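> this one's structure only:
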């Protein structure tokens, strides 16, 4: 197995730098350890783990905003119906806190690595830091970047950089760091992605550069083209063996947060595949449909029994429409078009049992994978670049077929026995469903719909949401529900971490002043201009 978990108890007490005052507290005994006695490699696994394992937040927000999943439960109102609930501020804060924590490990690793002359580790830390902060800026907009993570240096109230400056800096830094990685230099240990394989890290760096470049397609095509072509020339992912992911290890306390959340009783009963998602798979006769979803075979009353596997036959899968509840009014799920009916019980479980839930054997493994960046995503982005006429090797149709097939075959990472789609089956599908090249619009639509399907089935929901905002595909119908906080539109950003308005007030207020609609869920960021 390429992925492994390492247990570094000593690092748990390591002092790390932060973005704001919130990250400035430390619990390190200066008599117990010092930078000279620490191996900075240990910080790499911490950064990778905290960055990758954020599924519980994606489950509530992005998975339902982008209509991959659906729920009738009040707890999921934030995501499914854009309605405020008691948990909203916590989930607003979670991505900020988790990602800056992950970035702080990468930054501390860079500092120690440079002191010790471990330059490969330094450059990998630079790639990690930028990969993490890309997700922060993609979620919130203008954020601390140039002064972030430097509380130990006395910067506890960092400025918020504009997103355009952040992106130009990230592209330049990832470009430089990736180019300088040297397989003959210092060895990398404690690496959860690639076990220290520098060649793989170079591929990751260039694939990340490609993803960053494609974010700019609405606002700066010249820069997007330059870096996309440079990434391709440098050497991006070339097979599913290059996929970057982290395997959780529940038995040793590293639990996959998505799987753990899904196994909570209410989540197990309530979280379903969205009608939009299932309908797309069915319309295209997609072989993933018979893997990702199941319906309780024993009937509706078994909907909440976690010990019972369901019926995975593609013909019975039924996605649940977003925007419904169990409150008995006009928006009650029983009033949804095509409602399958409830039989066998009048309990809360009964109305939902005939809708498809994420397959227990695949998505509810507490030691399952968290995907970070995949060959499938990379090939689909190259397909889009080719459609735009950029020099990225193969024709768009070839990149597209490679991407779709890779997405199907990557499912086996969840379970080789339950989720394997053969190369022959994937090839049959891509032959029967080639890229529509009748127009640029048709091609872009199909490519980005497949990006949505890829990230939805691999449970990388935040990336599905971000790319939907960038590309406009799939064309989703927003939920209209009473008392929603977006005026019936799908959220386009997350409001800033709630304590920032007091802990970093001056810089927070300056950042909010640059938002056209204020610090809310509907304001657009630099690369997400309306078109």
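Now that the structure is in, tell me what you want to look at. Please read all numbers here as calculations on a predicted model, not as lab measurements.
> which residues of the stretch 251-400 of the chain score low on pLDDT?
298-304, 342-350 (pLDDT under 70).
> go on, the chain?
Low-confidence segments of the chain (pLDDT under 70): 1-37, 298-304, 342-350.
> the helix ranked longest in it: what's the following helix or strand?
For the chain, the helix that runs over the most residues, judged by DSSP state H, is helix 88-115. Per DSSP states H and E, the first helix or strand lying C-terminal to helix 88-115 is helix 119-140.
> tilt between that next one and helix 88-115?
Helix 119-140 and helix 88-115 are oriented at 160 degrees to each other (axes from the mean of the first three to the mean of the last three CA atoms, to 10 degrees).
> parallel or antiparallel, list what pairs with the helix or strand just after helix 119-140.
Once the chain leaves helix 119-140, the next helix or strand it forms, by DSSP H and E, is strand 143-144. In the sheet, strand 143-144 lines up against strand 160-161 (antiparallel) (DSSP bridges).
> got a list of contacts for the strand it pairs with?
Contact with strand 160-161 is made by 142, 143, 144, 145, 146, 169, 507, 508, 510, 511, as judged by CB atoms under 8 Å, 6 or more residues apart in numbering. To be clear about C-beta, it is placed using only N, CA and C from the backbone, and glycine gets the same treatment.
> which elements pack onto the longest helix of the chain?
Secondary structure elements in contact with helix 88-115, counted by 3 or more CB pairs under 8 Å, 6 or more residues apart in numbering; DSSP states H and E, are helix 41-52, helix 55-60, helix 119-140.
> closest to residue 66 out of the ones you listed?
Of all the helices and strands packed on helix 88-115, it is helix 55-60 that lies closest to residue 66, at 9.9 Å by CB to CB.
> list the helices and strands the helix or strand following the closest one packs on?
Next in sequence after helix 55-60, counting helices and strands by DSSP H and E, comes helix 62-65. Using 3+ CB pairs under 8 Å, 6+ apart, the elements in contact with helix 62-65 are helix 77-80, helix 461-471.
> how far does the shortest one sit from the chain's center?
Taking CA atoms, centre = their mean, to the nearest Å, one finds helix 77-80 lying 18 Å from the centre of the chain it belongs to.
> and what of stretch 409-423?
Centroid displacement of stretch 409-423 relative to its chain, using CA atoms, centre = their mean, is 20 Å.
> end to end on it, go ahead and measure it.
End-to-end distance of stretch 409-423 (CA to CA, to the nearest Å): 7 Å.
> list the buried residues of it.
409, 410, 411, 412, 413, 414, 415, 418, 419, 421 (16 or more other CB atoms under 10 Å).
> residue 68 reaches residue 280, doesn't it?
No. Judged on CB atoms under 8 Å, residue 68 makes no contact with residue 280 at a distance of 10.2 Å.
> compare these two (neighbour count), which wins?
Ranked by neighbour count (other CB atoms under 10 Å), residue 68 and residue 280 place residue 68 first, with 28 against 20.
> quick one on the thing from earlier: make TSV out of the contacts of strand 160-161 and add distance to residue 55 and neighbour count.
Output for the contacts of strand 160-161, formatted as TSV (distance: CB to CB, whole Å; neighbours: other CB atoms under 10 Å):
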residue	distance to residue 55	neighbour count
142	26	23
143	22	27
144	25	29
145	25	25
146	30	13
169	29	15
507	30	19
508	28	21
510	33	13
511	28	22
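> tell me which two of those sit farthest apart.
Greatest spacing in the contacts of strand 160-161, by CB to CB: 169 and 508 (20.8 Å).
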